[in-house]
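Asker: Sharing a sequence plus its predicted fold:
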Amino acid sequence: NTENLQYKRIGIIGAGPSGLAQIRAFEALKAKGEIIPEIVCFEKQSNWGGMWNYSWRTGVGKYGEPIHGSMYKYLWSNGPKECLEFSDYSFDDHFGKPISSYPPRPVLFDYIEGRIKKSNARKFIRFDTTVRWVSYDEDSQKFTVILDDLKINKTYSEVFDYLVVASGHFSTPNMPYFKGIEGFGGNVMHAHDFRGADQFRDRDILLIGSSYSAEDIGLQCYKHGSKSVTLSYRSNPIGHNWPDGIKEVPLVTHFEGDTAYFKDGSSEDFDAVIMCTGYQHKFPFLPDELRLKTRNNLYPDNLYKGVFFNALPQLIYLGMQDQYYTFNMFDTQAWLARDYMMERFELPGEAERRLDIDKWLERNSTLKTSFDNVDFQTDYIKDLLALSDYPHFNLDKVAAMLKEWLQDKEENILTYRDKTYQSVVTGTMAGEHHTDWMNELDDSKERYLYGAEEEELIPER
Ligand code: FAD
Ligand code: NA7
């Protein structure tokens, strides 16, 4: 059987943290001298890293493809790095010294890249290549993938035994309509197109939504000098102890000119509106019968172990859940998916898989608090870890850190990023950043690593 494996072909869509985890999982086996199938990863951007590969662009890219990135300048990790650490490649391995718990985007990008650069992964990836369409043939039991090589404007197709969808789900905006917004005079945009708070300095801005994007973009704007930040919630306010200058109000009912009216009868004028209203799971390259259809939640339906498409498990989805855990969760998923594709992890029949999915869905429907959510995702990852040889890590400790993080935010949203945590992989205690987050206006890797007082050591940029 193992002999046949080398003739199998695996297609991976996307070279973000999830797609790279899949490649790494196979590379880990190969390093042990095992024969692995042929792997091809398609990435529509010119580099890897997914969301962490920052783009200044909005709208479409140089080849006319929708821009994937939703990240912005001055983005710092919104959770402790100790909660996402790869258990086979620690922060110590990469940086060689303790760093703080909430690094900025370029530092996390460097870390993601550091692990994958240690392997031959790059040669498996075709950059500037968009997956245009996928079909599955029942007779041959193979996927045909239609691709656009963007650089030379050429369409071609390839055939695969397994297909891994790792295309992310925080890229296509969910953009609601509010009556009268077409008459608003200022900028109306979605968080997906937010590239930095600079343009909102001295402005009164309205953010619609009450989750991570609203919280962090609101904070960024406050930190970088917006005159006022108003967050408008649909279901529940975020409820932090906000500083003067940030406030929460109920949902907008309508706009009249530059004035927004809210459910509580209040109204206010704004210079700009940012919709922090979440994202759609969008797979324009998948036909109806292969497409995952879900909203953002902790256990998308129809995925066995949160990974295998139940109607056709050769179709694998990575990273499709809402995320408390990120990189290490993608790893545990990718390791299990690998073992299935290597024919070492046998799936039960479809009906049995359905029962398992239902069990998780049922529990998901009972979750009430953020702590419940953390426990749920922790148990999900424990379930996966037990099924593969991904290096174990102390999940109970990570769960405790996630709860502490939630409390830190509640206590003081302006200082939570100054807290430090202990690695469960190495036991290292994070270092303190040389500058408080609120006073740190430079998010470059050089400044972060070399420090304020050693400016002369910073390589020229
Ligand atoms: P992505 O990173 O989205 O990568 C998907 C890749 O697929 C992209 O490279 C894309 O170009 C490619 N792709 C998509 N469609 C196609 C196609 N048709 N053909 C070819 N390639 C395709 N997580 C944290 O842990 N900490 C944070 O602080 C944090 N902050 C975030 C802030 C923002 C604003 C956002 C949007 C997300 C944040 N996240 C954060 C979550 C982040 O999404 C994950 O960390 C991680 O990037 C998800 O990895 P992924 O590989 O599943 O998806
Ligand atoms: P989320 O976490 O999916 O949250 C979406 C938010 O948008 C949530 O508060 C929703 O309110 C709100 N929403 C959605 N539709 C509407 C409408 N029609 N009107 C008003 N409010 C609406 O997305 P985020 O962008 O915050 O976070 C995604 C990732 O980006 C995350 O992983 C971060 O790391 C960064 P609800 O509470 O459902 O009423």
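Answerer: Perfect, I can see it now. Ligands and ions are numbered 1, 2, ... in the order given.
Asker: C-alpha from now on. contacts and neighbour counts both.
Answerer: Will do.
Asker: Where does the stretch 301-450 of the chain get nearest to ligand 2, residue-wise?
Answerer: residue 323 (5.8 Å; Cα to the nearest ligand atom).
Asker: Count the residues that sit near the nearest residue to that residue once chain neighbours are set aside.
Answerer: Distance criterion Cα to Cα, 6 or more residues apart in numbering; nearest residue to residue 323, sequence neighbours excluded, is residue 298 at 7.2 Å. Neighbours of residue 298 under the rule other Cα atoms under 10 Å: 22.
Asker: Torsion angles phi and psi at residue 298?
Answerer: Dihedral pair for residue 298: phi -80, psi -20, per degrees, to the nearest 10.
Asker: Surely it and residue 325 touch.
Answerer: No. Residue 298 is not in contact with residue 325 according to Cα atoms under 8 Å; the separation is 10.6 Å.
Asker: near ligand 1 at all, stretch 320-332?
Answerer: Yes. Legend: contact between stretch 320-332 and ligand 1 by Cα under 6 Å from any ligand atom is shown at residue 326.
Asker: Relative to the whole chain's centre, how far out is that stretch?
Answerer: Averaging C-alpha positions (Cα atoms, centre = their mean, to the nearest Å) puts stretch 320-332 8 Å from its chain's average.
Asker: Would you mind giving the secondary structure of residue 260?
Answerer: Counting by DSSP: H, G, I helix; E, B strand; the rest coil, the backbone at residue 260 sits in strand.
Asker: Pairing partners for it in the sheet, please.
Answerer: Residues in a beta bridge with residue 260, per DSSP bridges, are residue 255, residue 268.
Asker: give me the number of residues near the residue of the stretch 301-450 of the chain closest to ligand 2?
Answerer: Neighbour tally, residue 323, other Cα under 10 Å: 16.
Asker: Surely it touches residue 299?
Answerer: No. Counting by Cα under 8 Å, residue 323 does not reach residue 299; the two are 10.2 Å apart.
Asker: what's residue 328 sitting at in phi/psi?
Answerer: Dihedral angles (degrees, to the nearest 10) for residue 328: phi -70, psi -30.
Asker: Run a quick neighbour tally on residue 327.
Answerer: 21.
Asker: Please disregard the earlier target; I meant residue 397.
Answerer: So residue 397, with other Cα under 10 Å, has 15 neighbours.
Asker: Buried residues in the helix or strand hosting it, which are they?
Answerer: Using DSSP states H and E, the element containing residue 397 is helix 395-411. For helix 395-411, a neighbour-count test (16 or more other Cα atoms under 10 Å) marks 395, 398, 399, 401, 402, 403, 404, 405, 406, 408, 409, 410 as buried.
Asker: Can you spell out which helices and strands pack onto the helix or strand just after that helix?
Answerer: Going down the chain from helix 395-411, the next helix or strand is helix 445-450, by DSSP H and E. In terms of contacts (3 or more Cα pairs under 8 Å, 6 or more residues apart in numbering; DSSP states H and E), helix 445-450 is packed against helix 105-117.
Asker: Do the helix it packs on and ligand 1 come into contact?
Answerer: No. Figure legend: helix 105-117 not in contact with ligand 1 (Cα under 6 Å from any ligand atom); closest approach 7.6 Å.
Asker: So which residues make contact with the very next helix or strand once past that helix?
Answerer: On the C-terminal side of helix 105-117, the closest following helix or strand by DSSP H and E is strand 125-126. Here strand 125-126 makes contact (Cα atoms under 8 Å, 6 or more residues apart in numbering) with 15, 40, 41, 42, 43.
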